[in-house]
Structure formats: structure tokens, C-alpha cells
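Colleague: Next one to model:
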Amino acid sequence: MLAEYLPTLLFLIVSAVIGVALIVIGNVLGPRRPSSEKLSPYECGFNVFEDARMQFDVRYYLIAILFIVFDLEIAFVYPWALIFRDLGTFGLIEMGVFLGLLVIGFVYVWKRGALDWE
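Modeller: Purely as a prediction, here's the structure:
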């Protein structure tokens, strides 16, 4: 039974060796000409004026979560639409429940004021 996994193991070993070899070759043969300009932090062309650890508003994260939720919604709705006729009424009800839960979450975030920017 373990012989069936030999090609997969061989693939993992070869890919790991190639990955490590490319990193080592890049470090050995790559150019090294550090200067103060190259080693300085990049800040959009001007000097740093604030601490990099500033706090973000929670609404920023809520908008990001909403984006991910609606992106995943499309990832589920598209395959469902392709086999809609095969699923019948049960598939329609299940997708309605799924979309209803997403709408409830959207209304909740909207009512909490997460979409209102000052």
C-alpha cells in the first residue's frame, strides 16, 4: 500500500530540493552591493512621520471582512448556478437560506454603523 504513495513522496522530495537549491544559488551567485540608500526603509519617497504601529479603526476590519464574505458568496453561487436545474427545489431553498444569512449579516453591520465613514 505504501508503494502507491511513492510517486507523491518523490514529487515532494524533488520539489523541496529544487526550492532549496534555487534559494541557495540565489544567495551565493546574487549581487551584493548594499548601500545606505538600499538599506533604508521605503516610505513612499518621504521621511517617516509616524510610528508604524498606529491603531486602525475597527470599521476598516469590518469592511475587509465584508469584502471576504461577499467574495466567498460569489465562489459558492457560481457553481450552484451551473447545476441549478439538477438540484431542484431543495437546492433553491438551501441557497435562499445561505443568501438570507449573508443579508442578515450585512444588515447587522450596516445598522451598527460600520459602513459610515467620518
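Colleague: C-terminal to the helix or strand hosting Ala64, which secondary structure element comes first?
Modeller: Element membership of Ala64, judged by DSSP states H and E, is helix 58-82. Note on helix 58-82: by DSSP H and E, the next helix or strand toward the C-terminus is helix 84-111.
Colleague: That next one: which residues count as buried?
Modeller: Judged by neighbour count using 16 or more other CB atoms under 10 Å, the buried positions of helix 84-111 are Met95, Leu102, Val109. Glycine gets a C-beta too; all of them are placed from N, C-alpha and C.
Colleague: From Met95, how far out is the last one?
Modeller: The span separating Val109 from Met95 equals 21 Å under the rule CB to CB, to the nearest Å.
Colleague: that older thread, for the helix holding Ala64, packing partners?
Modeller: Helix 58-82 is packed against helix 84-111, with contacts defined by 3 or more CB pairs under 8 Å, 6 or more residues apart in numbering; DSSP states H and E.
Colleague: Just give me how far the helix it packs on sits from the chain centre.
Modeller: Mean C-alpha position of helix 84-111 versus that of the full chain (CA atoms, centre = their mean, to the nearest Å) differs by 23 Å.
Colleague: could you say what helices and strands that helix packs with?
Modeller: When contacts are defined as 3+ CB pairs under 8 Å, 6+ apart, helix 84-111 sits against helix 58-82.
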